[in-house]
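Colleague: Model the following, please.
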Amino acid sequence: TKKYVLDEEVREFMRQSNPWALRAISERLLEAAQRGLWSEPDTEDLEALKQVYLENEGILEEQA
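Modeller: Numbers count the residues shown, from 1 in each chain. So this is what the prediction gives:
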């Protein structure tokens, strides 16, 4: 999470080059946390991940 989605530089690169990939990664990580597959995710990281997901969804909707 911290290396891909929460790293600002990587996130912006993904957002510019392939926002759908950023969406997929964010979605998978959130699903893993929800299903208990991600053992003890940091609360702050999880909230930041949710925020990135929602922001990216807004960008994708604007592009549609």
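
Colleague: what residues are up against the spatially most central residue of the chain?
Modeller: Geometric centre of the chain, nearest residue: Ser26, 3.0 Å, by Cα atoms, centre = their mean. By Cβ atoms under 8 Å, 6 or more residues apart in numbering, the residues touching Ser26 are Val5, Leu49, Val52, Tyr53, Asn56. Backbone N, C-alpha and C define where each C-beta goes, glycine included.

Colleague: Over to Arg23?
Modeller: Contacts of Arg23 by Cβ under 8 Å, 6+ apart are Tyr53, Asn56, Glu57, Leu60.

Colleague: before we move on, what SS does the nearest residue to the first one once chain neighbours are set aside have?
Modeller: Meaning Tyr53. Excluding the flanking residues, the one nearest Tyr53 by Cβ to Cβ, 6 or more residues apart in numbering is Ser26, at 4.1 Å. When classified by DSSP: H, G, I helix; E, B strand; the rest coil, Ser26 comes out as helix.

Colleague: What of Leu6?
Modeller: coil.

Colleague: ditto for Leu37
Modeller: Under three-state DSSP, Leu37 comes out as coil.

Colleague: quick one on the thing from earlier: including neighbour count, could the contacts of Ser26 go into CSV?
Modeller: Supplementary listing: the contacts of Ser26 in CSV, determined by neighbours: other Cβ atoms under 10 Å:
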residue, neighbour count
Val5, 20
Leu49, 22
Val52, 21
Tyr53, 18
Asn56, 21
